[in-house]
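Student: task: produce atomic coordinates for the following.
(one chain, ligands or ions: 1)
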Amino acid sequence: MNHRQFEAAVRRAMNGLPDWVHAALENIEVIVLDEADQVLDPERQGLLGLYVGLPLPERGVDYAGELPDVIYLFRKPHLKLNLSPHDLRREIAKTLIHEIAHYFGIDDDHLEELGWGWSHAGGPCVCWAKSNPYHLISRNRTDLSLYCLL
Ligand SMILES: [Zn+2]
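Tutor: Here you go, the predicted structure:
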């Protein structure tokens, strides 16, 4: 799967997300790279995806003028999973949803509990949220949202 095909798979996964997710996605970009560089993955873990930003529950009423959050999806680590084209597309969608869950303030431990952590997927994830996204009220609310998403 070349870069353009990978981007098309990401776009298709994006288009498959429910309307409420699109409505909730504000000031966030999805970027496809072949692999993470030293800055994004200092420990060379072969990240599948990475979320960098300020999760939605942490954004206050004064949130304005910030640079967009970024969801990175890394192509080569996905290819290394050696999946069939169908399973590869599913894995790409899964990575995308995992990173979007971080945007909704759900951390990796909680995703693991929900069965969407990286021990269930093909590779590691590092979440670079700018502040601790753990927040009980929003967590319960986003749980509901996530279940709708899956
Ligand atoms: Zn994660």
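Student: make it CA atoms for all contacts and neighbour counts henceforth
Tutor: Noted.
Student: and Ile31, what is it in contact with?
Tutor: Val70, Ile71, Tyr72, Leu73 (CA atoms under 8 Å, 6 or more residues apart in numbering).
Student: assign it to helix, strand or coil.
Tutor: Following DSSP: H, G, I helix; E, B strand; the rest coil, Ile31 is assigned to strand.
Student: where do the helices sit along this protein?
Tutor: Listed in chain order, the helices of the chain (DSSP state H) span 3-15, 19-24, 75-79, 85-103, 108-113, 136-149.
Student: list the buried residues for the third one?
Tutor: Just to be clear, that refers to helix 75-79. Arg75, Lys76, Pro77, His78, Leu79 (16 or more other CA atoms under 10 Å).
Student: packing partners for that helix?
Tutor: helix 85-103 (3 or more CA pairs under 8 Å, 6 or more residues apart in numbering; DSSP states H and E).
Student: minimum distance to the ion: which of the helices of the chain has it?
Tutor: helix 108-113 (4.7 Å; CA to the ion).
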